[in-house]
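K.L.:
Need the 3D shape of this:
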Amino acid sequence: MKNTLLLIFCLLFISAFSQKKYQKEYYKNGNLKEEGWLINSKKEGYWLTYNRGNIITSKGNYSENLKTGYWYFYHSNGVLKEKGAFKKGLKSGFWKSYNNQNIKITEGNYINNLEDGFWYYYHPNKNVSEKGWFKNGLKTKIWEAFHPNEQLKYKALFENNTPSGFWVTFYENGRKESEGNYKKGIKSGYWKFFHKSGNLKKEGRFVNNLETKYWYFYAENSILEKEGHYKEGRKNDWWLFYDKDGNINHKCQLHNNQKNGYCLIYNQKKLIKASKFKAGKKIKEWTDFSSFKKENSLNDLR
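P.N.:
Take a look at the predicted model:
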């Protein structure tokens, strides 16, 4: 009897200090913002949230103020946005997300709020856009990406969320778009880029993701358009530019992408004009080679 009385007393004591109430919060326009149970000022049990238009934006359970169990989230038009489970406030297990037209855009697993395991991403036409592995929220191992028409865009390696090793990318028509090496997510070494026709577009070296040394650029018909030097991603030294027949049209000295030095203009392979620039501004011009030679050293044209 004494034990029974003691138990009743304890329950009454606990309930006296465990305040449970149903909470509702409103926007300034009077519409409901959220509602659910509070126990000792902490969210507990089932809760609903709404946008200003009184459309549900989320619903699910809390335990001691942390999301738990299965939750649903919605776009502003009421269409499902994502769904999945929480464990102690963190995303856990299999999740799916959708655009505002109810088309699936991602699906995969979470561990402690981080993507982990194999994931799928989708185009609006429902075809796969990407698929591959995550570890602790970072892309790892082999990933494949696809154009909306299901044509392969690339199949390559990631390490700690960055591209690694030799990559080849493709256009929607299946022709090669680019090829070259990544080192810790940065373009490095010799790269080639291609027109959609498959013909070479440009080629040259990268260091730390910046163009360096000598580069070549080509038109769709494979005729050389221009060539010249890069330094840390900027055009420097002599650059040569060609006409549609592949003949030199003009050549200029550049510094940090600006004309800086001499520019020589050609017509039918003959020099017809020369100019001198400083920081992109023309400071002198010659229309015959004899006067140019009198005022300038030809060694400056090397």
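K.L.:
could you pull out the helices for the protein?
P.N.:
Taking DSSP state H as the criterion, the chain contains helices spanning 2-17, 289-295.
K.L.:
pull the helix or strand with minimum mean pLDDT from the protein.
P.N.:
Between all helices and strands in the chain, the lowest mean by mean pLDDT, DSSP states H and E belongs to helix 2-17, at a mean of 47.
K.L.:
hang on, Asn31 packs against Ile55?
P.N.:
No. Between Asn31 and Ile55 there is no contact under C-beta atoms under 8 Å: 9.6 Å. From N, CA and C alone the C-beta is placed, and that goes for glycine too.
K.L.:
How about the closest residue to Gly117 other than its chain neighbours: which residues does it bridge to?
P.N.:
Nearest residue to Gly117, sequence neighbours excluded (C-beta to C-beta, 6 or more residues apart in numbering): Asn109, at 4.2 Å. Per DSSP bridges, the residues bridged to Asn109 are Phe94.
K.L.:
Look up phi and psi at the closest residue in space to Pro148 that isn't next to it in sequence.
P.N.:
Excluding its sequence neighbours, the residue lying closest to Pro148 (C-beta to C-beta, 6+ apart) is His123, at 4.6 Å. When read as degrees, to the nearest 10, the backbone of His123 gives phi -80, psi 160.
K.L.:
cool, the one 3 residues further on as well?
P.N.:
Here the main-chain torsion angles of Lys126 (degrees, to the nearest 10) amount to phi 80, psi 0.
K.L.:
Can you report how many residues lie near the nearest residue to Lys67 once chain neighbours are set aside?
P.N.:
Of all residues not flanking Lys67 in the chain, Phe86 sits nearest, at 4.0 Å (C-beta to C-beta, 6+ apart). By the criterion of other C-beta atoms under 10 Å, Phe86 has 21 neighbours.
K.L.:
Next: Gly30.
P.N.:
Gly30: 7 neighbours (other C-beta under 10 Å).
K.L.:
measure Tyr262 to Leu114 for me?
P.N.:
To Leu114, Tyr262 is 57 Å away according to C-beta to C-beta, to the nearest Å.
K.L.:
Kindly report the same for Asn256.
P.N.:
Counting by C-beta to C-beta - Asn256 and Leu114 are separated by 42 Å.
K.L.:
picking up where we left off before, kindly provide the distance from the residue nearest to Lys67 to Gln23.
P.N.:
For Phe86 relative to Gln23 (C-beta to C-beta), the value is 20 Å.
K.L.:
And Asn296, by the same measure?
P.N.:
84 Å.
K.L.:
Of these two, which one has the most company?
P.N.:
Asn296 (15 against 12).
K.L.:
How about the contacts made by the more buried one?
P.N.:
Contacts for Asn296 (C-beta atoms under 8 Å, 6 or more residues apart in numbering) come out as 262, 276.
K.L.:
rewinding a little: count the neighbours of the residue nearest to Pro148 for me.
P.N.:
By other C-beta under 10 Å, the residues close to His123 number 16.
K.L.:
Quick check, it in contact with Glu130.
P.N.:
No. His123 lies out of contact with Glu130 (C-beta under 8 Å); the separation is 9.6 Å.
K.L.:
Need the residues touching each of these two.
P.N.:
Common neighbours of His123 and Glu130 (C-beta under 8 Å, 6+ apart) are Phe146.
K.L.:
Sketch out the low-pLDDT regions of the stretch 51-200 of the chain for me.
P.N.:
Judged against pLDDT under 70, the stretch 51-200 of the chain has no low-scoring part.
K.L.:
Hmm, Ala279 is touching Asn257, no?
P.N.:
No. Contact between Ala279 and Asn257 fails when scored by C-beta under 8 Å: they sit 10.9 Å apart.
K.L.:
how long is stretch 244-257 end to end?
P.N.:
23 Å (C-alpha to C-alpha, to the nearest Å).
K.L.:
Pull out the buried positions in that stretch.
P.N.:
249-255 (16 or more other C-beta atoms under 10 Å).
K.L.:
would a markdown table of those with pLDDT and distance to Tyr214 be doable?
P.N.:
Shown next, in a markdown table, are these (pLDDT from 0 to 100; distance: C-beta to C-beta, whole Å):
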| residue | pLDDT | distance to Tyr214 |
| --- | --- | --- |
| Asn249 | 94 | 19 |
| His250 | 95 | 18 |
| Lys251 | 96 | 14 |
| Cys252 | 97 | 15 |
| Gln253 | 96 | 15 |
| Leu254 | 97 | 13 |
| His255 | 96 | 16 |
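K.L.:
Export those as CSV, with columns for distance to Asn199.
P.N.:
As requested, the buried residues of stretch 244-257 are exported to CSV (distance: C-beta to C-beta, whole Å):
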residue, distance to Asn199
Asn249, 21
His250, 24
Lys251, 24
Cys252, 26
Gln253, 29
Leu254, 26
His255, 31
